[in-house]
Each structure stands twice: as structure tokens, then as C-alpha cells.
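S.K.: Sequence plus predicted model, see below.
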Amino acid sequence: MESVVSPERETKLDNMNKPHPSEMCAPGYHVVQGHKRICKSGTTTWVDEHIRKNHGKIRPGLLQENIWYLFWNNKKKYPALKPISGFKNKGVEYDEVIQFWLDYWKAQGVIYPADLNPLMIKAIIALESGFNEKVKNKKSTAEGLMQITDQSLRILGGFPDGDGWTEVKNNLIHVVKTDKLDPLINIAIGIRLLGHKYSQIRNAKLKDAWRLIATYNSKNEKVGGEYANKVRKLYNSSK
């Protein structure tokens, strides 16, 4: 399960913080941090960091170490996306990340509108954060490139709301709040969230990329529509 990153991808993604191979593992496994263990005899020993198969209380879904592993071990080569108008070459290191996660979630059975493409998602990131991976919204819990909220983490983790309703029951993601500032994890969550938002659009006549992008921002039709128009303007001036 050791991760190997080619020199070509290291150059292309040199602005990304690559985890050490020992910090990554395939889905179905998790990393156990090094820790002290007290034996029955009372002797204290040290357990080295290691990878262990999930069982017991480990909920099904992608953990931080799985998300890292999946991306850094993928073999597919992705082309560079066009820069977003007004942002010069900002976000070039995320081009491959966007394309990988859109492909990955589709392969897992998550449905997206046929007209949604990676450059549209890059335009969303430009509008949401200006490609600032550490940005935090002062009025909400939204953070990172795609402005992921704590509520989105709960929903995509398969956890129920206050009324006991669980919105998402498969293709789950289980990360902690601070992981929202990791660009790789943030984009993985954001694209999965787009798939979930799309599944909630009931009117078949409205199930296209721009309606999805509107609902990504707000359930309010007017507010969401204005947001989608801003993304559309960025996209059209960039393609």
C-alpha cells in the first residue's frame, strides 16, 4: 500500500503538501498512530505507527488517509485546465485534483449532469475562495477552496440531523473539521457535495449544470441564480 509519486506529478503538483507514504492507505484501512501501550504485566511499551484493516467502530467511508492515497496513487494523466479569467495562473495545481475527483465519484456511481465539466468546477473554486485554500467565512463555518461547511461534513458523513433524518447513505466521507483546509480533501468533499445536491433536484427540466451550481450556493432560487450567473460569466470568459 506504499504510495509512489512520479517526478512528473511532483513537478506539476509542487504546491501541494504531499503526505508521507506512511500516512496514506487504501479504502477499508486506516492509519494507527504510534502510541504507548500498557501490558497486563504493567510494562509500558511503544506501538509504532502502522496500517490496520477497518473493523468495529470504524464507519464505512473515506477517511483522510484514504483520500490522500486514492489521489496520489492514481495512474491517470490529466491535462491542464484553462486559467480562470482574472486569476492568471492561480489554481493550476488543482487542475488534476478537480478532474480526478469528478472521475472518481462518477466511477462510484454518483450522478452528475451531463453538461458539468471540470472547468465549471474550477470557476466555482475561483468564485468561492479565489484559490485561497485557507480562507474562512466570518459569517458561517464555510472554509477552504470550495467553502465546505460543518453541516456538509455531517451530511456527507452519513450522520442524522436533529430530527434523525440521514440524507446520504453511501459514498461517505469521514474527516474532521480541520481537514476542510486541506485542498485535496476540500475538493474531494466539494465535488461529492455537488453530486448530492444534484440528487436533490426533483424537477427533471431543471437538472442541468447551472441549476446544480445555483443549488450549491443556496436553496433560494433568486440567490442561487445570481450565484450561478457569476460562475457562468467566469466560465464563459475562460473557456
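M.R.: Now that the structure is in, tell me what you want to look at. None of the values given here were measured: they were computed from a predicted structure.
S.K.: which residues does the most centrally placed residue in the chain contact?
M.R.: By C-alpha atoms, centre = their mean, the chain has its centre lying nearest to Ala188, at 1.7 Å. Applying C-beta atoms under 8 Å, 6 or more residues apart in numbering to Ala188 gives the contacts Leu62, Ile67, Phe71, Trp101, Tyr104, Ile173. Where you see a C-beta, it was placed from the backbone N, CA and C, and this is true even at glycine.
S.K.: how much space between it and Gln108?
M.R.: Between Ala188 and Gln108 the computed distance is 11 Å (C-beta to C-beta, to the nearest Å).
S.K.: does the residue nearest to the centre of the chain count as helix, strand or coil?
M.R.: The three-state assignment at Ala188 reads helix, by DSSP: H, G, I helix; E, B strand; the rest coil.
S.K.: Could you check how far Leu157 is from Met16?
M.R.: You called it Leu, but residue 157 is Gly. The gap separating Gly157 from Met16 is 24 Å, by C-beta to C-beta.
S.K.: So those two - more neighbours on which side?
M.R.: More neighbours surround Met16 than the other of Gly157 and Met16, with 19 against 15 (other C-beta atoms under 10 Å).
S.K.: pLDDT value on Lys77, please?
M.R.: pLDDT, Lys77: 89.
S.K.: Counting neighbours, what do you get for it?
M.R.: If you count neighbours by other C-beta under 10 Å, Lys77 ends up with 11.
S.K.: ok, now Thr178?
M.R.: The tally of other residues near Thr178 (other C-beta under 10 Å) stands at 10.
S.K.: now the chain, which segments are flagged as low pLDDT?
M.R.: In the predicted model, the chain carries pLDDT under 70 at residues 1-15, 33-38, 40-50, 57-59, 204-205.
S.K.: contacting residues for Asp115?
M.R.: Here Asp115 is in contact with Asp208, Ala209 (criterion: C-beta under 8 Å, 6+ apart).
S.K.: Relative to Asp208, how far out is it?
M.R.: Distance, Asp115 to Asp208, using C-beta to C-beta: 6 Å.
S.K.: Please apply the same query to Val92.
M.R.: From Val92 over to Asp208 the distance is 28 Å, taken as C-beta to C-beta.
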